[in-house]
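Chemist: Below is the structure, and that's it, no one-letter string:
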């Protein structure tokens, strides 16, 4: 088990929707997965499992991720599918209203288990919505200097990190 920590810095407002997810992918779908009849190829098998993120302080949320949550099984009578944890993410929305910007962040499995931090930067002007693009999925930038110079002083960030839970 790992504690997933989401920290917001300089957020332009509150987020009523804060959802976490853990992603798992099958590593051997060619040997075990469903074969698409039209192409004869194996379909990718992935699962995004919800992670409850609880607010513990202003701008800080925490939840538990189990990297071994998915069980290896034979789903299609072709052999046992092997699952692997591939990362965790968060999605934020101002109020949850239709059309609002979805602020997305994700940390891959390797930095996740090492306890590293993944930070994404977003323009504050995208909150609560980007008027021209309803339900915009803002992935942000790791490097804030990638934004136009006039936006660089009006960014907020979302950082994800994980710590192994020891008992």
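Modeler: Done, it's in. These numbers were taken from a predicted model, which means no experiment stands behind them.

Chemist: contacts and neighbour counts: CA atoms only from here.
Modeler: OK.

Chemist: Do me a favour and average the pLDDT over stretch 144-159.
Modeler: Mean pLDDT, stretch 144-159: 97.

Chemist: Correction: the previous question concerned stretch 85-97.
Modeler: 98.

Chemist: what's the answer for stretch 53-66, then?
Modeler: Averaged over stretch 53-66, pLDDT sits at 98.

Chemist: Any chance you could list what contacts the strand or helix carrying residue 21?
Modeler: Taking DSSP states H and E as the criterion, residue 21 maps to strand 17-26. Contacting residues not belonging to strand 17-26 are listed as 44-53, 63, 65, 70, 81-96 [Cα atoms under 8 Å, 6 or more residues apart in numbering].

Chemist: One more pass at 7 Å, please.
Modeler: 45-53, 65, 81-96 (Cα atoms under 7 Å, 6 or more residues apart in numbering).

Chemist: Make a PyMOL selection of the buried ones in these.
Modeler: Selection command for PyMOL covering only the buried members of the contacts of strand 17-26, criterion 16 or more other Cα atoms under 10 Å:
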select buried, resi 45+46+48+51+52+53+65+81+82+83+84+85+86+87+88+89+90+91+92+93+94
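
Chemist: Among the contacts of strand 17-26, which ones are in helices?
Modeler: Residues of those located in helices (DSSP state H): none.

Chemist: Name the nearest residue to residue 14, sequence neighbours excluded.
Modeler: residue 94 (6.1 Å; Cα to Cα, 6 or more residues apart in numbering).

Chemist: That concludes my questions; thank you for your assistance.
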